[in-house]
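Asks: Generate coordinates for the sequence data below:
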Amino acid sequence: MAVRFSDLQCKEVICLGDGRRLGFIEDVEVEVPEGNVCAIIVPGPCKFFGLFGRKDDYVIPWRCIRRIGPDIVLVDVKCDECRVPRHKPGFLF
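Replies: Coordinates of the predicted model:
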């Protein structure tokens, strides 16, 4: 099955364990020499109406994806275990 990255960006990620909507796919992690997709990256929820940035990102391993549908991606992962601190620029926040 061939899927373009631009097609993945339009899909919402939902956790099967608790039914939580994690957000939309923002990026993918790829192994450079082989070209295999290792993980999908979903930005964390906004802090205080988006004024103070976002919380930690979700980095979901490819092996945890259970189904890619026409508009959603179902993942079987514990949300707290796949959180990775968001890179913070040295600017204001």
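Asks: could you measure residue 22 against residue 71, distance?
Replies: 14 Å (C-beta to C-beta, to the nearest Å). Heads up, the C-betas are built off the backbone N, CA and C, glycines and all.
Asks: more neighbours, these two?
Replies: Shown here are residue 22 and residue 71; by other C-beta atoms under 10 Å, residue 22 has more neighbours (22 against 8).
Asks: Can you check the pLDDT for residue 32?
Replies: The per-residue pLDDT reported for residue 32 equals 87.
Asks: That one looks like it's in a helix, true?
Replies: No - secondary structure of residue 32, determined by DSSP: H, G, I helix; E, B strand; the rest coil: coil, with no helix assignment.
Asks: Not counting its neighbours along the chain, what's nearest residue 30?
Replies: Nearest residue to residue 30 in three dimensions, chain neighbours excluded: residue 37, at 5.6 Å (C-beta to C-beta, 6 or more residues apart in numbering).
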